[in-house]
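Undergrad: Everything below, folded, please.
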Amino acid sequence: MQALAGRLEAADAFVIVTPEYNHSFPGHLKHAIDQADLEWRGKPVGFVSYGGTSGGLRAVEHLRQVFAELHAVSVRDCISFHGVWDEFDENGALKDIEGRRKAADNLLDHLCWWAAPLRDARRSIPYGTRA
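TA: Prediction:
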């Protein structure tokens, strides 16, 4: 887990990919998130989710609460795959690539918008200290 913590510390932003499991996110993801603490602080987080009818959005809403507690900023836009098995053809290729590309561009644009100023802020004033 030290290797994971080092990679999280070095990152300026995150994209979490999660399925929906029992109307939330899986336990192994929670365990991985909980292995770090300070490494998440003051950094933006985006989400890609998948599942049945909800497309994993219930998992994302639970994750937003977890990351808020870790002092991370979640971006509004996300990518969700509703009825995930119907989103891909028999060869595994995405059927609606243009729609997903637009969603990915929105997510990444907003994630980058937050990442740069938050990185600069963490460098000039360590998170949790007064200016």
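Undergrad: going forward, measure contacts between C-alpha atoms and count neighbours the same way
TA: Noted.
Undergrad: wait, is residue 53 part of a helix?
TA: No: under DSSP: H, G, I helix; E, B strand; the rest coil, residue 53 falls outside any helix and is assigned coil.
Undergrad: and it, backbone torsions?
TA: For residue 53, the backbone dihedrals are phi -60, psi -40 (criterion: degrees, to the nearest 10).
Undergrad: Also the one 4 residues further on?
TA: With angles defined as degrees, to the nearest 10, residue 57 shows backbone torsions of phi -70, psi -30.
Undergrad: Provide a list of residues in contact with it.
TA: Contacts for residue 57 were tallied using CA atoms under 8 Å, 6 or more residues apart in numbering; they are 20, 49-50, 80.
Undergrad: Throw the residues you listed into TSV and include pLDDT, distance to residue 1 and neighbour count, thanks.
TA: Output for the contacts of residue 57, formatted as TSV (pLDDT from 0 to 100; distance: CA to CA, whole Å; neighbours: other CA atoms under 10 Å):
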residue	pLDDT	distance to residue 1	neighbour count
20	96	24	19
49	97	24	23
50	96	26	23
80	95	28	22
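Undergrad: chain center to the longest strand along the chain: distance?
TA: For the chain, the longest strand by residue count, based on DSSP state E, is strand 73-82. Centroid separation between strand 73-82 and its chain, computed with CA atoms, centre = their mean, to the nearest Å, is 7 Å.
Undergrad: Name the surrounding residues that touch that strand.
TA: Here strand 73-82 has contacts from 42-57, 64, 67-68, 87, 100, 103-104, 106-107, 110-111, using CA under 8 Å, 6+ apart.
Undergrad: buried ones in the helix or strand of the chain with the lowest mean pLDDT?
TA: One helix or strand of the chain scores below all others by mean pLDDT, DSSP states H and E: helix 2-10, with a mean of 91. Within helix 2-10, the residues scored as buried using 16 or more other CA atoms under 10 Å are 5, 8-9.
Undergrad: can you give me the strands in the chain?
TA: 14-19, 44-51, 73-82.
Undergrad: Given the longest one, what are its sheet partners and their directions?
TA: In the sheet, strand 73-82 lines up against strand 44-51 (parallel) (DSSP bridges).
Undergrad: and the strand it pairs with, how far from the chain's centre?
TA: Here strand 44-51 is found 4 Å from its chain centre; the criterion is CA atoms, centre = their mean.
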